[in-house]
Structures are given as structure tokens and as C-alpha cells.
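A.B. asks: Pasting a predicted model and its sequence here:
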Amino acid sequence: MNILIVAATALEIKPLVSLLESNDKSGGHLRKFSYKAHSVDILVTGIGIPFTIYNLTSTLHDKEYDLIINAGIAGSFSGQYQIGDVVQVITEQFADIGIEEKDGFTTIFKMNLHNKDQYPFENGILKNSLNLEKYYITDIPKANGITVNKVSGNKETIDFLRFTYKPGIETMEGAAFFYVCLMEQQKFLQIRSISNFVEERDISKWDIPKAVDALSQTCIALLEKIQ
């Protein structure tokens, strides 16, 4: 199977890459590997929405893939997802694209600046309709994600996001990944490992190494299961 793994940074997938057989020493944005019967390309897009959209779209126009996996770390809004837990993200929303006024924030959908049901959106939400059981993915908890342009770190913003979107996790790329894959009619998965809780910013409470190791283990397990 031809598989593309997409990550925002090389750090997030460093342990995973060490377990793959390299077929490419270029060191560029897109590198070629293999794992057993799979051809595995690794795309490092850069952090955030614009870099993800451009680099992923460009890559998909150059090559066809059977499955695309977004692998990375995330912040958790819920005690349901603890640091080191791995989740599969089944819905995404762009959480801060809209208009800020004196009495608060309004999304482009509520302002009728974009049709909330225009494909690929469903009531402003991006959904992954892929039958995950086809890929033997039955043991990874599901989560709803939101995507932001800046990591949330103050109580007012966090309370707003939690009340408005009721998210499970927060990333800076997930909705961009969903949007491109849906528009390009690709089969895709988003796998995220929790590195921190979404709370008033205190990096001393984060555990990126634990999250990255858990992410790597899950991705290898997926490659073992996928046929």
C-alpha cells in the first residue's frame, strides 16, 4: 500500500522514522521510506494551517496514495484524554476563522460569509467518513478536534473554545489536513497523541517525549495492521 504520513514537525515523528527503512537521503519536505510491504512517504509540512494546506496539496498533485495519515501531538480539553494517550480524530473545526467584535467572536458560518453546509462542511464541521474498521482500527479512542492559529493559553480563550465547540483536543493543523483530504477525495486518518492539557500556559506540565513515543508506537501498530 502507498501511504503518506503527514506531520507538522520532524520532532513529532522522529522515533517513528527511526523504525522505517529509508529509501531517500534527500532530507527535504518529502522523504521516502518503506515498512514491510508498504511504501511510506513522510511529509513534514511545517506548523500551522497555511503550511499544511500548501505542502499537502502540492504533494497530492504529484503522487497518488492509498491512505494518508496525519500524525502529531495535541492538547487535551478533557480529562478523558490524558498525557500520553493516543486518539483518532473523527471531526474537525476551524475554531478562530471569523470576526471579533466588542461583544465576542462570530464564525464565518454564523455571519453567513460561508455556507455551513457547502462541501466539505456539514454544519460547519469537517467529518471523516472513512470506515476505520476496514483498517482494523478499533482500539484507538475517538476525539473531536478543533484547529487554531495560536496555541490556547489563557482562561478566557479556553473557556470560549470549550463552550463554543465542545472539543476533545486542539491542534494547529488538523482541520487543514481534513479540508485538503476531503477536497481531494482522499482516504485519511488523523492520529494524535496528547502532550499537554489545554490550560493556562505552563510548559513544565507538558510531556512531549512521552507523547511522541506513544505516537510512534501507535503508528507502527497501524502499519502492522493495515493491509
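C.D. replies: Nice, thanks for sending it over.
A.B. asks: For the longest helix anywhere in the chain, the averaged confidence score.
C.D. replies: Ranked by number of residues, the top helix in the chain under DSSP state H is helix 208-225. Averaging pLDDT along helix 208-225 yields 95.
A.B. asks: Next: stretch 150-163.
C.D. replies: Averaged over stretch 150-163, pLDDT sits at 92.
A.B. asks: in this structure, which spans are strands?
C.D. replies: 2-7, 21-22, 30-35, 38-44, 67-76, 86-94, 98-101, 104-107, 121-122, 125-127, 142-147, 169-171, 188-197 (DSSP state E).
A.B. asks: Could you identify which of these is most buried?
C.D. replies: Of all these, strand 169-171 carries the top mean neighbour count, a mean of 26, counting by mean count of other Cβ atoms under 10 Å. Yep, even glycine has a C-beta here, placed from its N, CA and C like the rest.
A.B. asks: who's in contact with that strand?
C.D. replies: Outside strand 169-171, the residues that touch it by Cβ atoms under 8 Å, 6 or more residues apart in numbering are 72-77, 81, 87, 89, 95, 143-148, 151-152, 161, 192, 194, 198.
A.B. asks: Nearest residue to the middle of this protein?
C.D. replies: residue 174 (3.5 Å; Cα atoms, centre = their mean).
A.B. asks: Would you mind putting the strands of the chain into a markdown table with mean pLDDT and distance to residue 208 alongside?
C.D. replies: Listed next are the strands of the chain as a markdown table, based on pLDDT from 0 to 100; distance: least, Cβ to Cβ, whole Å:
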| stretch | mean pLDDT | distance to residue 208 |
| --- | --- | --- |
| strand 2-7 | 98 | 13 |
| strand 21-22 | 81 | 24 |
| strand 30-35 | 92 | 22 |
| strand 38-44 | 96 | 16 |
| strand 67-76 | 98 | 6 |
| strand 86-94 | 97 | 14 |
| strand 98-101 | 91 | 30 |
| strand 104-107 | 91 | 29 |
| strand 121-122 | 98 | 32 |
| strand 125-127 | 98 | 26 |
| strand 142-147 | 97 | 18 |
| strand 169-171 | 98 | 14 |
| strand 188-197 | 97 | 5 |
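A.B. asks: so how far is residue 215 from the residue at the greatest distance from the centre of the chain?
C.D. replies: Here the chain reaches farthest from its C-alpha mean at residue 102, the gap being 31.6 Å by Cα atoms, centre = their mean. Applying Cβ to Cβ, to the nearest Å, the value for residue 102 to residue 215 is 41 Å.
A.B. asks: do residue 4 as well
C.D. replies: Residue 4 sits 16 Å away from residue 215, taking Cβ to Cβ as the criterion.
A.B. asks: burial of residue 152, as a residue count?
C.D. replies: 23 (other Cβ atoms under 10 Å).
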